[in-house]
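Trainee: here is a sequence with its predicted model. Questions after.
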Amino acid sequence: MHKTHASRVGVAAACAIAAMALVAPAAQAAVTDHGGAALRDGDHTAAVEAAIEAGPARNVILLIGDGMGDSEITIARNYEHGAGGRLEGIDNLPLRGAYTTYSLHRGGDQHGKPNYVPDSAATGTAWATGTKTFNGAISVDLDSRPQDTILEIAKANGLRTGNVSTAEVQDATPAVLAAHVDARSCYGPESSACGSDALEAGGLGSISEQILNTRPDLVLGGGSASFEQTARAGQWEGMTLFEQAEDRGYQVVRDGEELAAVTKANQEAPVLGLFTPGNFPTRFAESIAVPGGDDTPITCQQSPDRLSEDLSLGALTSAAIELLDDSSSENGFFLQVEGASIDKRNHSADVCGQIGETIDLDEAVAAALEFAKADGETLVIVTADHSHTSQIVGSVPQHTIGNKLLTNEGAIMNVAYGTSAAGSSQQHTGAQVPIAAYGPGAANVVGLSDQTDTFFTMRNALGLETDFAALSAAASIDAPTQVKPQDEFEVKGSGLAGDRQVELVVNGVSERVLDVIDAKVVGSVVAPDEAGEFTVTLRGVQTSVEVSEDVLALVEGTDQTPEDSEDAEEPEGPGDGQGSGDDDSVEDSKQPAEEAGVGGGVNAGALPRTGAEIISAGVIAVLFIAAGGGLYYLNRRKAVKN
Ligand SMILES: [Zn+2]
């Protein structure tokens, strides 16, 4: 227990230390004195002006207190620091506003109308994508169409990305950044909730599988149980998601010691830290709300189940920042941090639980602020996704449940939960919630905004390009032009920043999916058994951008074209190859969409079209190959943008 100490800071000094001055408390007089409870010294105008800083920002750190409305913040402050005290992180952001959080109804008479009481899935979709949707939706719109998320967009723009939660990483808030499903409970491949989103149903897969596909540089939280499940379809069918993660190059960590040993988090080796099977245990032990409140005031106790200090939300936030911040890179990072159980404990009418989780989040905010103040190029935003039940009341009525608490400053605080019957889950509420910010672009949270504005505030501050196809428009492919039948050889693609996966296609048949690592892919192909020409294509899964290369499988020692009849029609000289390359160059964005299909893309444009062309090209080709110029032969490249 500690009171905020006195520090007299004049307005002149406030200009010099900018935002800090905003939070400097007034002289520490007794709250019973005139002005004794005031939190400011003198005129605040210069300090507010100094806190307003235009973008761009290099980094964005977004911290979400799930269900952390003003009521939850005030309860935690009162209990821990006193009514006149301050939460060291949450209360120290200089610019503050409020935002509306409503979601939308889907189906029935109310379709498309506001749902005044949202859930974390719809609200998460709103701040993560800028699109309002229905309760339960994970980054899909009212018609179930996937919406690009701020994390996916940041990654496509070359930023490093992180996603941290005290909940299962499949829970709504972390999920909205990395997955697109209709039903928020579609956690793993064995979930019955996935429906048409399941891989075996032709969907994008469960939330856990989509997290692996989205491949943030760093994911930390709970939820290992879902990763024990086995994929039912796709490339990793029959393997658990943990086995899949290892196969795809993830660094899987299970405890604080393993996390401390991690020295880098990047696309080559992303960090997947899953520290509990389900949600994290809470900081404070559970309190039991009783009808009419307690006769004797209670105090909150530390929970013996709490994870070690190195896995507190504050510690995880510091670890994430340290791993994502790279001053040698021209790009910054996007990091989301969620204090998840403020909401969950609220549902359970557990006031001590929610207080502890709010303090936990506050420590994470303080860690983010400390970094941002030193860094000077980081936008920090702290908000809630929706408001919740708990209310500070004069007394807890007999017809509802609550607690009488003795706060650290020795005063009595009654908290009631009145939105559901005792024993059932307390409800979310529909009030607007606070949003506060620090750093470049922070002024955008001031006043009243909507939750969807937050997506645009972050996107604009980071100056992100949102057109994935444009980010993959300069794609190219690199493969040998001549191999032997049955040879295994390497195919490389680059310029694929707009895609997270690329399909490797040989002669129109999809072989497998490759993860895009820093806009590049590498895959191996085995040449067909028969000699002849074949086409290797890389097709962006997210953008449908295609790049192809024709490869000739030639039996060693032969000095003639293959006998295969298809190939007999194909020869062309180096001149033709050059020409077709120009015809299909990636710069030509006016390429008709019809040519973008697999068959058209592979065959269109590049081959001789008339009999005379075929004959002359064939003659040139035979001479050319005989002269040992095979490496130049058929070196034609295509990139077709859909
Ligand atoms: Zn909730």
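Mentor: Looks like it arrived, so ask away.
Trainee: ranges for the strands of the stretch 151-300 of the chain?
Mentor: 160-168, 218-222, 251-253, 271-274, 290-291 (DSSP state E, counting those that start in this stretch).
Trainee: ok, which of those strands comes nearest residue 193?
Mentor: Residue 193 lies closest to strand 160-168 among those, at 14.0 Å (CB to CB). To be clear about C-beta, it is placed using only N, CA and C from the backbone, and glycine gets the same treatment.
Trainee: would you mind writing the CA trace of that closest one as CSV?
Mentor: Extracted C-alpha coordinates of strand 160-168, given in CSV (Å, rounded to 0.1, in the frame of the first residue of the first chain):
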residue,chain,number,x,y,z
ARG,A,160,7.6,-7.8,-36.9
THR,A,161,4.5,-8.8,-35.1
GLY,A,162,3.6,-10.1,-31.6
ASN,A,163,0.4,-11.4,-29.9
VAL,A,164,0.4,-11.9,-26.1
SER,A,165,-2.5,-12.9,-23.8
THR,A,166,-3.2,-14.3,-20.4
ALA,A,167,-5.9,-16.4,-22.1
GLU,A,168,-5.7,-19.3,-24.4
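Trainee: turn the strands of the stretch 151-300 of the chain into JSON lines, columns for mean pLDDT, mean neighbour count and distance to residue 369.
Mentor: Converted to JSON lines, these look like this (pLDDT from 0 to 100; neighbours: other CB atoms under 10 Å; distance: least, CB to CB, whole Å):
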{"stretch": "strand 160-168", "mean pLDDT": "98", "mean neighbour count": "27", "distance to residue 369": "16"}
{"stretch": "strand 218-222", "mean pLDDT": "98", "mean neighbour count": "27", "distance to residue 369": "19"}
{"stretch": "strand 251-253", "mean pLDDT": "98", "mean neighbour count": "18", "distance to residue 369": "26"}
{"stretch": "strand 271-274", "mean pLDDT": "98", "mean neighbour count": "25", "distance to residue 369": "23"}
{"stretch": "strand 290-291", "mean pLDDT": "96", "mean neighbour count": "14", "distance to residue 369": "38"}
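Trainee: any chance of these in TSV, with distance to residue 363 too?
Mentor: As requested, the strands of the stretch 151-300 of the chain are exported to TSV (distance: least, CB to CB, whole Å):
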stretch	distance to residue 363
strand 160-168	12
strand 218-222	15
strand 251-253	21
strand 271-274	18
strand 290-291	30
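Trainee: residue 542 is nearest to which of these?
Mentor: strand 160-168 (15.2 Å).
Trainee: identify the residue spatially nearest to residue 545, adjacent ones excluded.
Mentor: Of all residues not flanking residue 545 in the chain, residue 472 sits nearest, at 4.3 Å (CB to CB, 6 or more residues apart in numbering).
Trainee: how about the contacts made by the one you found?
Mentor: When contacts are counted by CB atoms under 8 Å, 6 or more residues apart in numbering, residue 472 touches 495, 496, 497, 498, 499, 540, 542, 543, 545, 641.
Trainee: restricted to strands, list those.
Mentor: residue 540 (DSSP state E).
Trainee: closest to residue 433 among the contacts of residue 472?
Mentor: Each of these was scored against residue 433 by CB to CB, and residue 542 proved nearest at 32.3 Å.
Trainee: can you give me the helices for the stretch 401-550 of the chain?
Mentor: 451-462, 468-471 (DSSP state H, counting those that start in this stretch).
Trainee: ranking those helices by burial, who's on top?
Mentor: Most buried of those, by mean neighbour count (mean count of other CB atoms under 10 Å): helix 451-462, with a mean of 22.
Trainee: please parse the protein into its domains.
Mentor: 1-51, 52-462, 468-640 (automatic domain parsing).
Trainee: which of those domains sits most buried?
Mentor: Mean neighbours per residue, mean count of other CB under 10 Å, is largest over the domains of the chain for domain 52-462, with a mean of 21.
Trainee: and that domain, end to end?
Mentor: Using CA to CA, to the nearest Å, the end-to-end distance of domain 52-462 comes out at 16 Å.
Trainee: next one: that domain to chain centre, how far?
Mentor: 11 Å (CA atoms, centre = their mean, to the nearest Å).
Trainee: thinking again about what came up before, the helices of the stretch 401-550 of the chain into JSON lines, with extra columns for mean pLDDT and distance to residue 61?
Mentor: As requested, the helices of the stretch 401-550 of the chain are exported to JSON lines (pLDDT from 0 to 100; distance: least, CB to CB, whole Å):
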{"stretch": "helix 451-462", "mean pLDDT": "98", "distance to residue 61": "10"}
{"stretch": "helix 468-471", "mean pLDDT": "98", "distance to residue 61": "23"}
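Trainee: circling back: to residue 356, which of the strands of the stretch 151-300 of the chain lies closest?
Mentor: Closest approach to residue 356 among the strands of the stretch 151-300 of the chain is made by strand 160-168 (10.7 Å; CB to CB).
Trainee: what strands flank the closest one, and is each parallel or antiparallel?
Mentor: Its sheet considered, strand 160-168 pairs with strand 218-222 (parallel), strand 333-339 (parallel) by DSSP bridges.
Trainee: quick one: contacts of the shortest one?
Mentor: With CB under 8 Å, 6+ apart as the test, strand 218-222 has contacts from 160-169, 174, 178, 211, 259, 265, 270-280, 316, 319-320, 323-324.
Trainee: go ahead and produce CSV holding the CA coordinates of it.
Mentor: The C-alpha trace of strand 218-222 is given here as CSV (Å, rounded to 0.1, in the frame of the first residue of the first chain):
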residue,chain,number,x,y,z
LEU,A,218,5.9,-14.1,-31.5
VAL,A,219,2.8,-15.6,-29.8
LEU,A,220,2.7,-15.9,-26.0
GLY,A,221,-0.1,-17.1,-23.8
GLY,A,222,-2.1,-20.2,-22.8
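Trainee: ok, back up a step: the strands paired with strand 160-168: which one's closest to residue 48?
Mentor: Nearest of the strands paired with strand 160-168 to residue 48, taken as CB to CB: strand 333-339 at 26.0 Å.
Trainee: between the strands of the stretch 151-300 of the chain, which one is closest to residue 364.
Mentor: strand 160-168 (8.1 Å).
Trainee: show me where the stretch 101-250 of the chain has helices.
Mentor: With helices called from DSSP H, counting those that start in this stretch, the stretch 101-250 of the chain shows them at 120-129, 150-156, 172-178, 207-214, 224-227, 241-247.
Trainee: correct me, but residue 194 touches residue 180?
Mentor: No - with contact defined as CB atoms under 8 Å, residue 194 does not count as touching residue 180 (11.9 Å).
Trainee: hmm, back to that, by mean pLDDT, show me the worst of the domains of the chain.
Mentor: The stretch with the lowest mean pLDDT among these is domain 1-51, at a mean of 64.
Trainee: tell me the contacts of residue 394?
Mentor: residue 414.
Trainee: so how far is residue 290 from it?
Mentor: Distance, residue 394 to residue 290, using CB to CB, to the nearest Å: 17 Å.
Trainee: strand 333-339 and the longest helix anywhere in the chain, what's the angle between them?
Mentor: For the chain, the helix with the greatest residue count under DSSP state H is helix 351-375. Angle of helix 351-375 versus strand 333-339, following axes from the mean of the first three to the mean of the last three CA atoms, to 10 degrees, is 160 degrees.
Trainee: and after helix 351-375, which helix or strand comes next?
Mentor: strand 378-384 (DSSP states H and E).
Trainee: who does that next one pair up with?
Mentor: strand 59-65 (parallel), strand 433-438 (antiparallel).
Trainee: turn those into a markdown table, columns for distance to residue 419.
Mentor: A markdown table is the format used below for the strands paired with strand 378-384 (distance: least, CB to CB, whole Å):
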| stretch | distance to residue 419 |
| --- | --- |
| strand 59-65 | 19 |
| strand 433-438 | 16 |
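Trainee: nearest to residue 525, out of the ones you listed?
Mentor: For the strands paired with strand 378-384, the distance to residue 525 is smallest for strand 59-65, at 39.0 Å, taking CB to CB.
Trainee: relative to helix 451-462, how tilted is that closest one?
Mentor: Angle of strand 59-65 versus helix 451-462, following the same axes, to 10 degrees, is 160 degrees.
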